[in-house]
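*Asks:* pasting the sequence and the predicted model now:
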Amino acid sequence: MRYEFATAGRIIFGPGAAADLAALVESAGRRALLVHGRGATTRGGPAAGVMQRLAARGLVAASYAAGSEPDVAAAEAAAALAREAGCDCVVGIGGGSVLDTAKAAAALAANAGGALAYLEVVGAGRALERPALPVVAVPTTAGTGSEATRNAVLGVPERRVKASMRHASMLPRLALVDPLLTHDMPPALTASSGMDAITQLIEAYVSRRASPLTDALCLRALPELDAALRRAYQRPEDAVAREAMSQAALFSGMALANAGLGAVHGIAAAVGGAFPAPHGAVCAALLPHVTAANIRALRRAGAATATARYREIAQTLLGRQGPAEDALLECLRDLAGALAIPGLARYGVTTADIPALAMAASQASSTRSNPVALSQAELEETIAAAL
């Protein structure tokens, strides 16, 4: 077997780690573009304190407030701000959308042309000519693992789709993961981001590009994530659960960056590009149904080795031996119910939208790593079940 593994240049994990951020940023640059969430500076909390310490140290040359779902215009605006301020690095403090905006801005600030020149699927897909500016990624949610990935997912409103910019230099120079920064996540965000992490771990494990290294990350993170997510959802102050979720999210990012994802994320890219739907919530709604479709298709194809990967996930999550794929489906449905995950209809998706969404999903980069090729009809059936 031949495989490759790449991740953030340096990873620091632990409660209270963000206290050292200002000193650590100085190793990446002295004039930072600070990318943060739009409410971070007004609502206070631990993330606001971290940003204030950066500013007091004189490290922030410019700031950009990112929206809840990044798009091409946001990435280009942030990049322009970085160039105008002469920034030599980018610091992202926030959820996955903030970190993706930061990574895209770092890439565009160092290169000519707009985002569409480098976007996959709907853009020209060109490789960056120059390395991205160094990125320091500080997640304040526990789900996307964006602090350890080499891509940035951007919405393209005129095409009603999401697509990735991707380059090795977009891997953050430093990923600083402080679980204390996630303690003020509201229950709905805790649920959707945690389900995103579970989705990424499962999809990376069954991916056609999985390797022993990514397998180890997935199998280490999955057993405690289910219980930790349920506890954090019910008791936001549970520090042990928050720490477990932050570590699982980090591991999921490391795994997906090297093993790829699957049809859940392929469909989620199509839905997120066409509707105002949070990425994590869409993945959460789709996960049980895509998993069921994959298992059915693998069984029909007689793909025993690939089917066994789902059995291993079930055994890891449920702690039981023997055939357990059906029990896995029940576990995922039960978890979605316990977390009050809404269906896709909540975001305006109707049966009339399903054929176009399925077609877009079949062309998404994530779908290429799905363990089995799902037909247009199977994709449509899966989306319908998630309404």
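*Replies:* Noted; the coordinates are in hand. Just so it is clear, the model here is predicted, and its values are computed rather than measured.

*Asks:* helices along this protein, start to end?
*Replies:* Using DSSP state H, the helices of the chain run over 21-25, 40-43, 46-56, 72-84, 96-109, 187-206, 212-234, 239-259, 263-274, 279-301, 304-318, 325-338, 354-363, 376-385.

*Asks:* need those helices in a markdown table (columns: mean pLDDT and mean neighbour count).
*Replies:* From N, CA and C alone the C-beta is placed, and that goes for glycine too. A markdown table is the format used below for the helices of the chain (pLDDT from 0 to 100; neighbours: other C-beta atoms under 10 Å):
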| stretch | mean pLDDT | mean neighbour count |
| --- | --- | --- |
| helix 21-25 | 94 | 19 |
| helix 40-43 | 62 | 14 |
| helix 46-56 | 86 | 17 |
| helix 72-84 | 97 | 21 |
| helix 96-109 | 97 | 30 |
| helix 187-206 | 96 | 26 |
| helix 212-234 | 95 | 20 |
| helix 239-259 | 97 | 25 |
| helix 263-274 | 95 | 27 |
| helix 279-301 | 95 | 23 |
| helix 304-318 | 90 | 18 |
| helix 325-338 | 90 | 17 |
| helix 354-363 | 96 | 19 |
| helix 376-385 | 97 | 18 |
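
*Asks:* just send these back as a markdown table, with distance to Y347 too.
*Replies:* Shown next, in a markdown table, are the helices of the chain (distance: least, C-beta to C-beta, whole Å):
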| stretch | distance to Y347 |
| --- | --- |
| helix 21-25 | 35 |
| helix 40-43 | 24 |
| helix 46-56 | 27 |
| helix 72-84 | 20 |
| helix 96-109 | 16 |
| helix 187-206 | 12 |
| helix 212-234 | 20 |
| helix 239-259 | 23 |
| helix 263-274 | 7 |
| helix 279-301 | 7 |
| helix 304-318 | 27 |
| helix 325-338 | 15 |
| helix 354-363 | 12 |
| helix 376-385 | 12 |
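
*Asks:* my guess is E147 contacts V138. True?
*Replies:* Yes. At 7.4 Å, E147 counts as touching V138 under the criterion of C-beta atoms under 8 Å.

*Asks:* which residues are common contacts for these two?
*Replies:* Common contacts of E147 and V138 (C-beta atoms under 8 Å, 6 or more residues apart in numbering): L176, V177.

*Asks:* and the residue nearest to the spatial centre of the chain, what pLDDT?
*Replies:* Central residue of the chain (C-alpha atoms, centre = their mean): T144, 2.8 Å from the mean position. For T144, the pLDDT comes out at 94.

*Asks:* ok, the closest residue to A66 other than its chain neighbours to A107 distance?
*Replies:* Of all residues not flanking A66 in the chain, T101 sits nearest, at 4.1 Å (C-beta to C-beta, 6 or more residues apart in numbering). For T101, the distance to A107 (C-beta to C-beta, to the nearest Å) stands at 11 Å.

*Asks:* between those two, which contacts overlap?
*Replies:* Counting by C-beta under 8 Å, 6+ apart, the residues touching both T101 and A107 are A152.

*Asks:* pretty sure the residue nearest to the centre of the chain is in contact with G95, am I right?
*Replies:* Yes. The criterion here is C-beta under 8 Å, and T144 meets it with G95 at 6.9 Å.

*Asks:* who touches both of the two?
*Replies:* S193.

*Asks:* name the nearest residue to A107, sequence neighbours excluded.
*Replies:* A132 (4.0 Å).

*Asks:* what does the pLDDT read for that neighbour?
*Replies:* 98.

*Asks:* please name the residues that touch it.
*Replies:* By C-beta under 8 Å, 6+ apart, the residues touching A132 are K103, A106, A107, A109, A110, N111, H167, S169, M170.

*Asks:* cool, and A124?
*Replies:* L116, A117, Y118.

*Asks:* dump these into JSON lines; add neighbour count, pLDDT and distance to V177 as well.
*Replies:* Formatted as JSON lines, the contacts of A124 follow (neighbours: other C-beta atoms under 10 Å; pLDDT from 0 to 100; distance: C-beta to C-beta, whole Å):
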{"residue": "L116", "neighbour count": "19", "pLDDT": "94", "distance to V177": "32"}
{"residue": "A117", "neighbour count": "16", "pLDDT": "95", "distance to V177": "32"}
{"residue": "Y118", "neighbour count": "27", "pLDDT": "95", "distance to V177": "27"}
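
*Asks:* export those to a markdown table and tack on distance to E312?
*Replies:* Below are these laid out as a markdown table (distance: C-beta to C-beta, whole Å):
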| residue | distance to E312 |
| --- | --- |
| L116 | 40 |
| A117 | 41 |
| Y118 | 37 |
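
*Asks:* out of the residues you listed, which is nearest to A241?
*Replies:* Of all the contacts of A124, A241 sits closest to Y118, with 38.0 Å by C-beta to C-beta.

*Asks:* measure that closest one to I202 for me?
*Replies:* As judged by C-beta to C-beta, Y118 and I202 stand 29 Å apart.

*Asks:* same question, I12
*Replies:* From I12 to I202 the distance is 27 Å (C-beta to C-beta).

*Asks:* also L180?
*Replies:* When L180 is compared with I202 (using C-beta to C-beta), they lie 27 Å apart.

*Asks:* just A340 next, same as before
*Replies:* Distance from A340 to I202, by C-beta to C-beta: 21 Å.

*Asks:* ok, G155 next?
*Replies:* Taking C-beta to C-beta, one finds G155 at 25 Å from I202.

*Asks:* and if you look at I354?
*Replies:* Taking C-beta to C-beta, one finds I354 at 23 Å from I202.

*Asks:* E325 contacts T307, correct?
*Replies:* Yes. Between E325 and T307 there is a contact at 7.0 Å, judged by C-beta under 8 Å.

*Asks:* overlap of the contact sets of these two?
*Replies:* Contacts common to E325 and T307, judged by C-beta under 8 Å, 6+ apart, are I295.

*Asks:* A373: how many residues sit nearby?
*Replies:* When neighbours are defined as other C-beta atoms under 10 Å, A373 has 12 of them.
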